[in-house]
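1. here are the coordinates; sequence isn't available:
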């Protein structure tokens with residue numbers, strides 16, 4: 001919790017009391033009552049873009065963590081400087097009723113101690129590296145293992161557990177935050193000093209755009225930045241997502257071994273439970289007797305996305321739809337793959353921001369990415385970044401109803 005800040009104020013800061021529908025006047029009144037809050041607003045009343053910053057907590061080392069809440073008057077996003085984390089995403093259903101659809105916590109200690117990457121910007125290497133080991137330019141590097149014998153999402157202390165620097169980004173078309181973190185050479189065993197900037201912006205058309213940029217100095221490195229937001233389109237803490245309908249543009253996927261490391265094969269999805277080329281409920285084939293579903297306890301696989309791109313160089317990746325309330329989220333990305341995860345390892349051991357317990361299958365994640373274990377898989381798209389190069393990628397989540 002922030003220093004001497006009551007729980008109710010933290011929830012208000014995070015948007016739990018309806019920041020998504022707040023007027024500029026209400027925001028200004030709150031800011032006047034709390035001098036630590038900054039407010040910016042732009043545009044007409046309809047589709048008004050605004051952003052505010054509030055304290056969220058302090059790390060044991062005394063580093064302050066802030067929450068930025070930005071809205072277009074319809075969709076509201078709350079993000080923490082801790083892990084450049086998406087804490088809340090509030091969207092309306094087909095009847096205009098707004099709910100938070102993103103899993104998270106209302107306090108910093110839970111993020112630090114419990115979070116399975118809820119909403120986190122993960123790195124230096126998202127997903128798994130076999131045995132935490134890879135060889136680059138003739139030198140072998142060892143990352144601390146934290147997922148059985150493998151390294152997951154950057155090792156034991158990844159970017160999700162760092163406090164990022166934040167800068168407000170705003171124009172007449174969009175508003176958001178640019179987060180920057182500088183990872184020193186040797187951190188978690190990775191070579192080179194990596195500077196990552198991840199910019200999250202919300203526009204008037206309910207698009208949450210994520211622009212990733214990374215540069216390395218001194219030595220070549222490997223990197224695979226992504227975001228690990230968990231969604232339940234019926235509302236956070238509302239139960240299973242097995243009834244959500246998924247359309248997924250992926251002719252292939254990468255099968256895994258017992259440790260969830262890719263075997264190196266790219267298998268066709270057609271004719272398997274991994275084929276979502278036609279809209280299909282997530283739970284329809286979830287319990288099929290398919291060896292890959294048994295290994296992952298459901299879906300926890302990298303999908304090889306189709307090659308068709310739009311005029312911005314982005315490909316349609318997936319569309320999720322919750323039939324009862326009608327919320328949708330559509331994903332476009334420049335990345336070649338995406339990890340679709342059906343929440344198989346949520347085990348009910350903690351409560352989320354709404355005070356409800358998260359159980360198996362209560363959310364899904366769709367992490368756009370390069371493929372897992374690419375540093376050890378020469379046939380996969382390369383994740384090597386060398387000094388003088390700039391890595392860039394973009395992913396867009398579009399929220400809507402049908």
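-> Noted; the coordinates are in hand. The structure displayed is predicted, hence computed values, not measured ones.
2. drop to CA atoms for contacts and neighbour counts, all remaining ones
-> OK.
3. these two touch, right, residue 131 and residue 149?
-> Yes - taking C-alpha atoms under 8 Å as the definition, residue 131 is a contact partner of residue 149 at 5.2 Å.
4. and the strands in the stretch 301-402 of the chain?
-> 315-321, 327-333, 337-341, 364-369, 384-385, 391-401 (DSSP state E, counting those that start in this stretch).
5. format the ones you listed as TSV; extra columns: mean pLDDT, distance to residue 166 and mean neighbour count.
-> Formatted as TSV, the strands of the stretch 301-402 of the chain follow (pLDDT from 0 to 100; distance: least, C-alpha to C-alpha, whole Å; neighbours: other C-alpha atoms under 10 Å):
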stretch	mean pLDDT	distance to residue 166	mean neighbour count
strand 315-321	97	28	23
strand 327-333	98	23	22
strand 337-341	98	26	23
strand 364-369	98	22	25
strand 384-385	98	24	18
strand 391-401	98	19	20
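6. which of residue 131 and residue 149 has more neighbours?
-> Ranked by neighbour count (other C-alpha atoms under 10 Å), residue 131 and residue 149 place residue 131 first, with 20 against 13.
7. so what's that one scoring on pLDDT?
-> In this model, residue 131 is scored at 98, pLDDT.
8. can you classify it by secondary structure?
-> helix (DSSP: H, G, I helix; E, B strand; the rest coil).
9. from residue 243, how far out is it?
-> 36 Å (C-alpha to C-alpha, to the nearest Å).
10. ok, now residue 264?
-> In terms of C-alpha to C-alpha, residue 264 sits 31 Å off from residue 243.
11. verify the contact between residue 207 and residue 395 for me.
-> No - assessed by C-alpha under 8 Å, residue 207 is found out of contact with residue 395, at 10.0 Å.
12. out of the strands of the stretch 301-402 of the chain, which is closest to residue 175?
-> The closest of the strands of the stretch 301-402 of the chain to residue 175 is strand 391-401. By C-alpha to C-alpha, the value is 14.2 Å.
13. same for the closest one, what does it pack against?
-> Other helices and strands packing on strand 391-401, by 3 or more C-alpha pairs under 8 Å, 6 or more residues apart in numbering; DSSP states H and E, are strand 207-217, strand 327-333.
14. of all those, which lies closest to residue 249?
-> When these are compared by C-alpha to C-alpha, strand 327-333 sits nearest residue 249, at 10.1 Å.
15. and for residue 97, the neighbour number?
-> 10.
16. wait, I meant residue 135
-> Per other C-alpha under 10 Å, the neighbour tally for residue 135 reads 11.
17. over to residue 184?
-> For residue 184, using other C-alpha under 10 Å, the count is 16.
18. so what's it up against?
-> Applying C-alpha atoms under 8 Å, 6 or more residues apart in numbering, one finds that residue 184 lies in contact with 192, 193, 194.
19. what sits against the closest residue to residue 219 other than its chain neighbours?
-> With C-alpha to C-alpha, 6 or more residues apart in numbering as the criterion, residue 219 has its nearest non-adjacent residue at 4.5 Å, and that residue is residue 192. By C-alpha under 8 Å, 6+ apart, residue 192 lies in contact with 184, 185, 186, 216, 217, 218, 219, 220, 221.
20. which of residue 264 and residue 243 has more neighbours?
-> residue 264 (18 against 15).
21. tally up the residues packed near the closest residue to residue 325 other than its chain neighbours, please.
-> Spatial nearest neighbour of residue 325, excluding adjacent residues (C-alpha to C-alpha, 6+ apart): residue 93 at 5.5 Å. Residue 93: 22 surrounding residues under other C-alpha under 10 Å.
22. how much space separates residue 93 from residue 230?
-> As defined by C-alpha to C-alpha, residue 93 lies at a distance of 18 Å from residue 230.
23. residue 78 against residue 86, yeah?
-> Yes - contact criterion C-alpha under 8 Å: residue 78 and residue 86 qualify, at 6.1 Å.
24. spatially nearest residue to residue 246, not counting backbone neighbours?
-> Using C-alpha to C-alpha, 6+ apart, the nearest residue to residue 246 is residue 320, at 4.7 Å.
25. quick check: the gap between the one you found and residue 86.
-> Taken as C-alpha to C-alpha, the span from residue 320 to residue 86 is 18 Å.
26. kindly report the same for residue 392.
-> Residue 392 is 20 Å from residue 86, by C-alpha to C-alpha.
27. what's the answer for residue 241, then?
-> In terms of C-alpha to C-alpha, residue 241 sits 19 Å off from residue 86.
28. who's more crowded, those two?
-> residue 86 (27 against 23).
29. just grab the bridge partners of that one for me.
-> residue 79 (DSSP bridges).
30. rewinding a little: show me the contacts for the residue nearest to residue 325.
-> 99, 325, 326, 327, 400, 401.
31. save the residues you listed as CSV, and put in distance to residue 225 too.
-> CSV is the format used below for the contacts of residue 93 (distance: C-alpha to C-alpha, whole Å):
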residue, distance to residue 225
99, 28
325, 32
326, 31
327, 27
400, 26
401, 29
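32. good, wrapping up.
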